[in-house]
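Enquirer: This is a predicted model, with the sequence first.
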There are 2 protein chains.
Amino acid sequence: MDEFELIRQFFSRSALDHSTRLGVGDDGAVLIPETGRDLIAVVDTVVDDVHFPHQLDAADIGYRAMAVNLSDIAAMGGRPRWATLALTLATANTVWLEKFSSGIFSAANEFGVAIVGGDTTHGDQLVISVQVMGDVAAGSALTRNAVCVGDDVYVSGSIGDAAGGLQLIQQGLGDDSSRLVQRFCRPRARIELGQALVGLAHAAIDISDGLLGDLGKLLKASSCAATIELADVPLSRELRTAFGDDGALQLAMTGGDDYELCFTARPENAEELQALALALGIMITRIGTVEEGAGVRCQQGGKPVAITDPGYLHFSESNE
Amino acid sequence: MDEFELIRQFFSRSALDHSTRLGVGDDGAVLIPETGRDLIAVVDTVVDDVHFPHQLDAADIGYRAMAVNLSDIAAMGGRPRWATLALTLATANTVWLEKFSSGIFSAANEFGVAIVGGDTTHGDQLVISVQVMGDVAAGSALTRNAVCVGDDVYVSGSIGDAAGGLQLIQQGLGDDSSRLVQRFCRPRARIELGQALVGLAHAAIDISDGLLGDLGKLLKASSCAATIELADVPLSRELRTAFGDDGALQLAMTGGDDYELCFTARPENAEELQALALALGIMITRIGTVEEGAGVRCQQGGKPVAITDPGYLHFSESNE
């Protein structure tokens, strides 16, 4: 099967709407942007055995590759519209490709994204780059650099579940019916929430590398600090049961892969935010406050907890 | 050096104009499309030791990775505007990265493209995916499916040089001053020509896989055939000197990597096309005629030459 046959067989079935003048099959795709809206472009690559365990089901690999990009669009408050796929394959196995394409189209269709182009190449290792183009009302994208001192810090959903799920998969305990495993395999991009936060939140980021690291990036981009109350970080019952309270918190702070949103907003917007959460059926939780300074300060029951490594939470002896 | 440092150090220096609201450093880039223009999106991946020899200079690898994408924009008649880079690295060598980024920015700057986002990941092998977004007056992109029976078939520049250059490199004869080697290392995207062909040509494709294969794709998309006069295929003096007349023709028909344009146009436009070529300082050559049917028929001095394999030219005994 050559490259052209492969593209035709597996990647030419996207439902194209009026916004796509020309999809897969030419030198490029021709798209019709909407007047008065900015274009948002994101790209994320996942590599076999680096970003997911080698044994992951091909449908889940496909779903995740699209979802992690949709999550970036969500963090900008955007509407996803079109995607391109750059797929480097070590082998061209039709069973694998059929499953992979069903997964990537599943995520694309769920959010109304047309896969409009791509490139397949041969290499030593499976490498999947997805680029998603979205849009947002001109000038209103949620960025990282607009956090204000005095803002509340929020997260959506529960944190740490995907990292817990990954550990279960790696330990051979991954059961498809486990909610933790599903959170890793099928992360749900918070597109609706992101769009609703435009005008209501000051700044947002998606949690891909762990709450501590990603909140740190948000604050750094805005030259602010924040204090987080660890007892307020939303941990699921499943995560606490599987890993204990301390283990669950560790996974939440440093684990990554949740693709929930972390955002900041004025305290005056708290009520409206909770009404929004209720309307969307998405839990949002206030976990801290933005302050002057730099970095993320954590406290537990009012006692400071020292953090020595961004991305790694160190509970120092002196604070016990 | 972590991913964030790497992006900051090597890929944050694109000159951003008023069309880029937000570049590298957030969840995504925010771009301002121009009213009345369609968006063109292309993506091409190059893999170490597959699409270029491992020993290629990092600056050339960077330049080529951008240029092959710009060439796709040229084949659509588009103006390139923004690019994203997905870079999978086996090692993070700062000397290599410095050269690579100088090469990719060199191609980007030459054509006014802003590198607005990217993702760097770790893998077993160097894999470079570039996505370029461009635009074109609404509804006027050059596509592959608009070839008409009776059209003349044209190519820009001379064909086969890059494939010859690649052979010289592979044989250890690659001398940086050789024009053939330069044609492989620094393919020049025919952006100006592509834009000028809008309204003048019916359909276009860029020559990446060889004239025979790429012209075949153009004709297949339009359900037409063409007869090519092999004596008219423009071969450079350097290519003939290095590989002989037959070797040069073989490289031209099946070699690829030239990134010249192959296009078709009404015979009535011949004079205007030559005036355009003169104005741009780009040679364009009529090499054949579009007919009813399917496939590419070749003749040499009026005698048919049988082709049994698309992408491979077979001079059958019966036609000698």
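Expert: Thanks, I have the structure now. Residues are numbered from 1 along each chain as shown, chains lettered A, B, ... in the order given.
Enquirer: When you work out contacts or count neighbours from here on, use the C-alpha atoms and nothing else.
Expert: OK.
Enquirer: what sits against residue A:224?
Expert: Applying C-alpha atoms under 8 Å, 6 or more residues apart in numbering or on different chains to residue A:224 gives the contacts A:147, A:148, A:149, A:290, A:291, A:292, A:293, A:294, A:295.
Enquirer: try 6 Å this time
Expert: Contacts for residue A:224 (C-alpha atoms under 6 Å, 6 or more residues apart in numbering or on different chains) come out as A:292, A:293, A:294.
Enquirer: For the residue in the stretch 201-320 of chain A that chain B sits nearest to, which non-adjacent residue is spatially closest?
Expert: Closest contact between the stretch 201-320 of chain A and chain B, by C-alpha to the nearest C-alpha, is at residue A:205 (6.7 Å). Nearest residue to residue A:205, sequence neighbours excluded (C-alpha to C-alpha, 6 or more residues apart in numbering or on different chains): residue A:75, at 5.0 Å.
Enquirer: wait, the one you found sits on residue A:207?
Expert: No - judged on C-alpha atoms under 6 Å, residue A:75 makes no contact with residue A:207 at a distance of 9.2 Å.
Enquirer: anything in contact with each of those two?
Expert: Joint contacts of residue A:75 and residue A:207 (C-alpha under 6 Å, 6+ apart) do not exist.
Enquirer: So which of the two has more stuff around it?
Expert: Counting neighbours by other C-alpha atoms under 10 Å in any protein chain shown for residue A:75 and for residue A:207 shows that residue A:75 has the greater number, 34 against 30.
Enquirer: Look up how far residue B:189 lies from the residue nearest the centre of chain A.
Expert: Note on chain A: the residue nearest the mean C-alpha position is residue A:259, at 2.9 Å, using C-alpha atoms, centre = their mean. Applying C-alpha to C-alpha, to the nearest Å, the value for residue A:259 to residue B:189 is 38 Å.
Enquirer: Torsion angles phi and psi at the residue lying closest to residue A:186 once chain neighbours are set aside?
Expert: The shortest distance from residue A:186 to any non-neighbouring residue, by C-alpha to C-alpha, 6+ apart, is to residue A:64 (6.0 Å). Residue A:64 adopts backbone torsions of phi -60, psi -40, taken as degrees, to the nearest 10.
Enquirer: Could you measure from residue A:64 over to chain B?
Expert: Using C-alpha to the nearest C-alpha, to the nearest Å, residue A:64 is found at 16 Å from chain B.
Enquirer: burial of that residue, as a residue count?
Expert: Residue A:64 - counted by other C-alpha under 10 Å - has 25 other residues nearby.
Enquirer: cool, residue A:110 as well?
Expert: 9.
Enquirer: what do you get for residue A:268?
Expert: Neighbours around residue A:268, by other C-alpha under 10 Å: 10.
Enquirer: that older thread, just the buried residues of the contacts of residue A:224.
Expert: If you count burial by 16 or more other C-alpha atoms under 10 Å in any protein chain shown, none of the contacts of residue A:224 comes out as buried.
Enquirer: Make TSV out of those residues and add pLDDT and distance to residue A:248.
Expert: Supplementary listing: these in TSV, determined by pLDDT from 0 to 100; distance: C-alpha to C-alpha, whole Å:
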residue	pLDDT	distance to residue A:248
A:292	97	29
A:293	96	28
A:294	95	26
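Enquirer: Nearest to residue B:301, out of those: which one, please.
Expert: Within the contacts of residue A:224, the smallest distance to residue B:301 is 76.1 Å, found for residue A:294 (C-alpha to C-alpha).
Enquirer: Is the closest one in contact with residue A:225, as I believe?
Expert: Yes - between residue A:294 and residue A:225 there is a contact under C-alpha under 6 Å: 4.3 Å.
Enquirer: Test of understanding: give the bridge partners of residue A:284.
Expert: residue A:156 (DSSP bridges).
Enquirer: and the gap between it and residue A:264?
Expert: Taken as C-alpha to C-alpha, the span from residue A:284 to residue A:264 is 11 Å.
Enquirer: Those two: who's more crowded?
Expert: residue A:264 (30 against 22).
Enquirer: Not including adjacent chain positions, what is the nearest residue to residue A:160?
Expert: residue A:252 (3.6 Å).
Enquirer: Check which element follows the helix or strand that that neighbour is a member of along the chain.
Expert: Residue A:252 belongs to helix A:237-254 when assigned by DSSP states H and E. Moving toward the C-terminus from helix A:237-254, the next helix or strand (DSSP H and E) is strand A:261-265.
Enquirer: and that next one, which strands flank it?
Expert: strand A:152-156 (antiparallel), strand A:203-206 (antiparallel).
Enquirer: how about CSV for those strands, with mean pLDDT added?
Expert: Shown next, in CSV, are the strands paired with strand A:261-265 (pLDDT from 0 to 100):
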stretch, mean pLDDT
strand A:152-156, 98
strand A:203-206, 97
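Enquirer: deepest of these, which one?
Expert: With neighbours defined as mean count of other C-alpha atoms under 10 Å in any protein chain shown, the strands paired with strand A:261-265 peak in mean count at strand A:203-206, which reaches a mean of 31.
Enquirer: and the helix or strand containing residue A:117, what does it pack onto?
Expert: Here residue A:117, judged by DSSP H and E, is contained in strand A:114-122. Strand A:114-122 sits against strand A:79-89, with contacts defined as 3 or more C-alpha pairs under 6 Å, 6 or more residues apart in numbering or on different chains; DSSP states H and E.
Enquirer: Let me know the angle separating the helix or strand just after the strand it packs on from strand A:114-122.
Expert: Per DSSP H and E, strand A:79-89 leads on to helix A:94-110 as the next helix or strand towards the C-terminus. In terms of direction (axes from the mean of the first three to the mean of the last three C-alpha atoms, to 10 degrees), helix A:94-110 departs from strand A:114-122 by 150 degrees.
Enquirer: Return the distance of helix A:94-110 from the chain's centre.
Expert: Helix A:94-110 sits 19 Å away from the centroid of its parent chain (C-alpha atoms, centre = their mean, to the nearest Å).
Enquirer: Run the angle between it and strand A:79-89 for me.
Expert: Going by the same axes, to 10 degrees, helix A:94-110 makes 170 degrees with strand A:79-89.
Enquirer: just checking, what packs against helix A:94-110?
Expert: For helix A:94-110, the packing partners by 3+ C-alpha pairs under 6 Å, 6+ apart are helix A:58-75.
Enquirer: Alpha carbons of the host helix or strand of residue A:166, as CSV, please.
Expert: Assigned by DSSP H and E, residue A:166 belongs to helix A:161-170. Presented in CSV, the C-alpha positions along helix A:161-170 are these (Å, rounded to 0.1, in the frame of the first residue of the first chain):
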residue,chain,number,x,y,z
ASP,A,161,-7.0,10.8,37.3
ALA,A,162,-5.2,10.4,33.9
ALA,A,163,-1.8,10.1,35.6
GLY,A,164,-3.3,7.4,37.9
GLY,A,165,-4.7,5.6,34.9
LEU,A,166,-1.4,5.7,33.1
GLN,A,167,0.3,4.1,36.2
LEU,A,168,-2.4,1.4,36.2
ILE,A,169,-1.8,0.7,32.5
GLN,A,170,2.0,0.6,33.0
